[in-house]
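Engineer: All I have is the shape, not the residue letters:
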Ligand code: ADP
Ligand code: MG
């Protein structure tokens with residue numbers, strides 16, 4: 001069978017079934033943003049890893065090495081944020097082609113280090129190899145839960161309100177701008193902002209932690225693949241459905257300015273774009289007031305439903321929709 005007929009997420013599902021050996025120390029294994037492992041009675045160890053491949057996740061003609069280092073750290077810390085955990089340690093392995101210079105590797109590490117420092121995460125190891133052609137990056141981040149209960153993808157319940165932090169769609173529009181504009185045309189403020197969101201995402205570690213400590217979310221994920229796909233992950237893991245109100249999805253002014261020129265709607269970028277690294281989480285109505293009392297930029301965009309399907313209300317009309325975010329092996333969708 002071809003990988004393209006299965007797709008990334010169903011492949012992971014089958015790996016998950018093959019690895020189904022249970023251990024009392026594994027509280028959360030394959031299937032969430034990070035694994036949660038019990039080493040002592042007071043805190044859980046969190047572990048997550050993400051790869052960034054040249055030609056798949058980045059193009060060296062669209063990024064500088066500092067930003068690439070920054071992003072490699074940020075996307076991994078984002079998975080710890082999505083559990084409500086605290087990042088602590090990190091390992092990084094690089095496959096480096098001979099076309100990359102020592103100075104470029106050092107720039108990469110400056111960007112990587114800037115993010116680690118901001119989130120008090122310590123680099124403790126890794127591996128270095130030569131690569132035939134492409135630049136390959138793999139990062140592992142270890143974190144801890146403290147005494148807080150973690151927020152998984154699996155706890156959403158019918159009636160929960162769906163919230164998202166920040167604004168959606170900026171990163172994918174930033175990538176389109178990087179691909180279609182050069183030099184001075186990238187200097188307009190709105191273009192710069194979108195490109196910055198793509199090249200240097202900010203992991204929502206503090207917000208994730210606040211949400212977990214306040215115990216106001218039933219489920220949480222970070223948006224790496226696009227709102228439609230990451231919402232589907234929460235719904236699949238929780239056995240629920242969702243209804244999203246298009247008009248309530250938060251868009252930046254920069255995205256609104258860009259979408260006309262790029263010929264795609266803000267809604268398209270939000271649902272299918274991905275790499276926003278914002279948090280998507282569900283809150284029971286009784287905890288909505290508590291959430292609003294926290295200092296978090298979060299917008300309510302819909303509701304969790306008992307019927308296992310995804311619905312989108314746009315201009316008063318409600319229609320089913322499918323996950324159309326990034327899926328390795330398939331062009332789009334689950
Ligand atoms: P995220 O987008 O949050 O990084 P992924 O979709 O990459 O999440 O992964 C979902 C889950 O599947 C995670 O628990 C991850 O550790 C696990 N996973 C992904 N690929 C593999 C693999 N090849 N083998 C084992 N587990 C995997
Ligand atoms: Mg994630």
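Structural biologist: On my side now, so go ahead. Just so it is clear, the structure is predicted and the values come from calculations on it, not from any experiment. Ligands and ions are numbered 1, 2, ... in the order given.
Engineer: So which residues of this structure form strands?
Structural biologist: For the chain, the strands defined by DSSP state E occupy 26-28, 35-38, 44-53, 86-96, 122-130, 136-144, 161-165, 219-222, 241-245, 279-283, 298-305, 310-314, 317-320.
Engineer: Could I get those strands in CSV, plus columns for distance to residue 65?
Structural biologist: Glycine gets a C-beta too; all of them are placed from N, C-alpha and C. Formatted as CSV, these follow (distance: least, Cβ to Cβ, whole Å):
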stretch, distance to residue 65
strand 26-28, 34
strand 35-38, 30
strand 44-53, 12
strand 86-96, 11
strand 122-130, 15
strand 136-144, 11
strand 161-165, 28
strand 219-222, 24
strand 241-245, 37
strand 279-283, 28
strand 298-305, 33
strand 310-314, 38
strand 317-320, 43
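Engineer: Highest mean neighbour count out of those strands?
Structural biologist: Scoring the strands of the chain by mean neighbour count under mean count of other Cβ atoms under 10 Å gives strand 279-283 as the most buried, with a mean of 28.
Engineer: State the paired neighbours of that strand in the sheet, together with their directions.
Structural biologist: With DSSP bridges as the test, strand 279-283 is paired with strand 161-165 (antiparallel), strand 219-222 (antiparallel).
Engineer: Redo those as TSV? Include mean pLDDT.
Structural biologist: Shown next, in TSV, are the strands paired with strand 279-283 (pLDDT from 0 to 100):
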stretch	mean pLDDT
strand 161-165	98
strand 219-222	98
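Engineer: related to what we said a few turns ago, of all the strands of the chain, which one comes closest to ligand 1?
Structural biologist: strand 44-53 (5.2 Å; Cβ to the nearest ligand atom).
Engineer: measure the one residue sitting closest to the centre of the chain to ligand 1 for me?
Structural biologist: Nearest to the mean C-alpha position of the chain, counting by Cα atoms, centre = their mean, stands residue 224 at 2.9 Å. According to Cβ to the nearest ligand atom, to the nearest Å, residue 224 and ligand 1 sit 4 Å apart.
Engineer: of the strands of the chain, which approaches ligand 2 most closely?
Structural biologist: Of all those, the one in closest proximity to ligand 2, counting by Cβ to the ion, is strand 219-222 (4.3 Å).
Engineer: Output the below-cut-off pLDDT ranges for the protein.
Structural biologist: Scanning the chain for pLDDT under 70 picks out 21, 184-186, 331-334.
Engineer: Quick check: residue 278 touching residue 166?
Structural biologist: Yes - contact criterion Cβ atoms under 8 Å: residue 278 and residue 166 qualify, at 4.4 Å.
Engineer: ok, the two, which is more surrounded?
Structural biologist: Ranked by neighbour count (other Cβ atoms under 10 Å), residue 278 and residue 166 place residue 278 first, with 31 against 21.
Engineer: Backbone dihedrals for that one, please?
Structural biologist: Backbone torsions of residue 278, given as degrees, to the nearest 10, read phi -90, psi 170.
Engineer: Which single residue of this structure ends up nearest ligand 2?
Structural biologist: For the chain, Cβ to the ion, closest residue to ligand 2: residue 33, 3.8 Å.
Engineer: ok, that residue - contacts?
Structural biologist: Neighbouring residues of residue 33 by Cβ atoms under 8 Å, 6 or more residues apart in numbering: 48, 79, 80, 82, 83, 153, 221, 222.
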